[in-house]
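# quick one: sequence plus predicted model below, questions after.
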Amino acid sequence: MTWTARQQAMLKVMGLAVWSPPSALSHAESLDAVEVADTIDSAPPAEASPPPSPSSVPVTRDRAPAGTAAAAPDEQAAPTRAPALSPSPAPDDRARHILTLSVDALTADIQACQACALGAQRRHAVPGSALLPADWAVVLAPPQDADNQQGEVCVGPNGVLLDNLLAALGLAREADDVAQRVFVTPAVKCHPPRDRAPEAAEVAQCHPYLARQLALVKPRVIIAMGRVAARQLLGVDEPLGKLRGQVHQWQGVPVVVSIELQMLMRQIPERPRAWADFCLAAEALAGQPVRPSAA
């Protein structure tokens, strides 16, 4: 995508640089391209070393050797690992029913769901973006209270930060072009009270919904932001530092794990690392065949 001088100036003001394919960047330019400044807070960001250029981040489906991926500050002391979940658990009758639902029926089922305790405590379920074909999908942590109040995904400052990251890659949630459109959904569709982490049973009840959404959207690359999203897609409960910097798979679709938006809001120096994850996803997508045209 070609950016005008005015558009590039606008991104510069927001603290974001325009992404270019790895082949079009020199090493020096790619280091400059991953600086993400504070787009929300008025306080100046703490200094952080630039992350590696997108082309230097390893793309592999193998687990990185111990110590090669630095964990974020609150990821280093990870809790005791929970038993691994299967990325595609054997469906029960409810799951089999969900996996047959149409777009409208799926959204209605999510909004009416009472399969776990979260259903009785929420104000609104949060299905996510419109279920349109999109080359990109971003799976987020459970909804925040603002999302719960409005029934919409990633509203408020979190949404501004996500939209700025996407815009720097020429992407948008409601883009007309399927190649630039991004489907955004929370891994768990209801807001856990007091912002607690969702329980394993609550996460499991939402797995068929996420699987059906992705089957309808047919993304060509997925970004999982946060441990809950990574667990839903990969079936493991690992610190993000062990999952980032690699290209995983979910039913044949490349998956890149990144940092939760709430952490990026609190810790501005972590934003360049998230930008590197988004660039890695762009590289994974660039290596795939072009989506066939609709008949």
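In hand now; what should we look at?
# how about stretch 232-251 as PDB, C-alpha atoms only?
Extracted C-alpha coordinates of stretch 232-251, given in PDB (Å, rounded to 0.1, in the frame of the first residue of the first chain):
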ATOM      1  CA  GLN A 232      -7.900 -20.900  23.300                       C
ATOM      2  CA  LEU A 233      -6.000 -21.200  20.000                       C
ATOM      3  CA  LEU A 234      -3.000 -23.300  21.000                       C
ATOM      4  CA  GLY A 235      -4.200 -25.400  23.900                       C
ATOM      5  CA  VAL A 236      -1.300 -24.500  26.100                       C
ATOM      6  CA  ASP A 237      -1.000 -22.400  29.300                       C
ATOM      7  CA  GLU A 238       2.500 -21.000  28.800                       C
ATOM      8  CA  PRO A 239       4.100 -17.600  29.700                       C
ATOM      9  CA  LEU A 240       3.900 -15.300  26.600                       C
ATOM     10  CA  GLY A 241       7.700 -15.000  26.600                       C
ATOM     11  CA  LYS A 242       7.800 -18.700  25.600                       C
ATOM     12  CA  LEU A 243       5.200 -18.300  22.800                       C
ATOM     13  CA  ARG A 244       6.200 -15.000  21.200                       C
ATOM     14  CA  GLY A 245       8.600 -14.600  18.300                       C
ATOM     15  CA  GLN A 246       7.300 -17.800  16.600                       C
ATOM     16  CA  VAL A 247       4.700 -18.700  14.100                       C
ATOM     17  CA  HIS A 248       2.300 -21.300  15.500                       C
ATOM     18  CA  GLN A 249      -0.600 -23.000  13.800                       C
ATOM     19  CA  TRP A 250      -4.400 -23.200  14.400                       C
ATOM     20  CA  GLN A 251      -6.000 -25.600  12.000                       C
END
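# please point out which parts of it sit buried.
The neighbour-count check on stretch 232-251 (16 or more other CB atoms under 10 Å) flags 232-234, 236-248, 250 as buried. C-betas here are computed from N, CA, C, even on glycine.
# mind listing what the nearest residue to Leu162 once chain neighbours are set aside touches?
Once flanking residues are discounted, Leu162 sits nearest to Cys154: 5.6 Å by CB to CB, 6 or more residues apart in numbering. Taking CB atoms under 8 Å, 6 or more residues apart in numbering, we find Cys154 in contact with Leu140, Asp147, Leu162, Val184, Leu261.
# follow-up on the earlier one: helices - which of the buried residues of stretch 232-251 land there?
Gln232, Leu233, Leu234, Leu240, Gly241, Lys242, Leu243 (DSSP state H).
# spit out the contact partners of the second one.
Read that as Leu233. Pro87, Val139, Ala187, Leu210, Ile222, Ala224, His248, Trp250, Val255.
# let's go with 6 Å and repeat that
Counting by CB atoms under 6 Å, 6 or more residues apart in numbering, Leu233 touches Ala224, Trp250, Val255.
# for Pro208, report the pLDDT, please.
At Pro208, the model reports a pLDDT of 94.
# helix, strand, or coil at the residue nearest to Leu162?
coil (DSSP: H, G, I helix; E, B strand; the rest coil).
# look up how far Ala105 lies from it.
Applying CB to CB, to the nearest Å, the value for Cys154 to Ala105 is 24 Å.
# what of Glu174?
Taken as CB to CB, the span from Glu174 to Ala105 is 22 Å.
# which residues touch the lengthiest helix in the chain?
Longest helix of the chain, by residue count under DSSP H: helix 200-217. By CB under 6 Å, 6+ apart, the residues outside helix 200-217 that reach it are 95, 98-99, 103, 106, 110, 115-116, 118, 131, 134, 183, 185, 188-189, 232.
# most surrounded residue in those residues?
Neighbour tally across the contacts of helix 200-217 (other CB atoms under 10 Å): the maximum, 29 neighbours, falls on Val188.
# and that residue, what does it touch?
Counted by CB under 6 Å, 6+ apart, Val188 has contacts Pro142, Pro198, Val203, Cys206.
# would you mind measuring from it to Gln249?
22 Å.
# just the strands in this structure please.
For the chain, strands defined by DSSP state E occupy the ranges 136-140, 182-186, 221-225, 248-250, 253-258.
# against which helices or strands is the first one packed?
This means strand 136-140. If contacts are counted by 3 or more CB pairs under 6 Å, 6 or more residues apart in numbering; DSSP states H and E, strand 136-140 sits against strand 182-186, strand 221-225.
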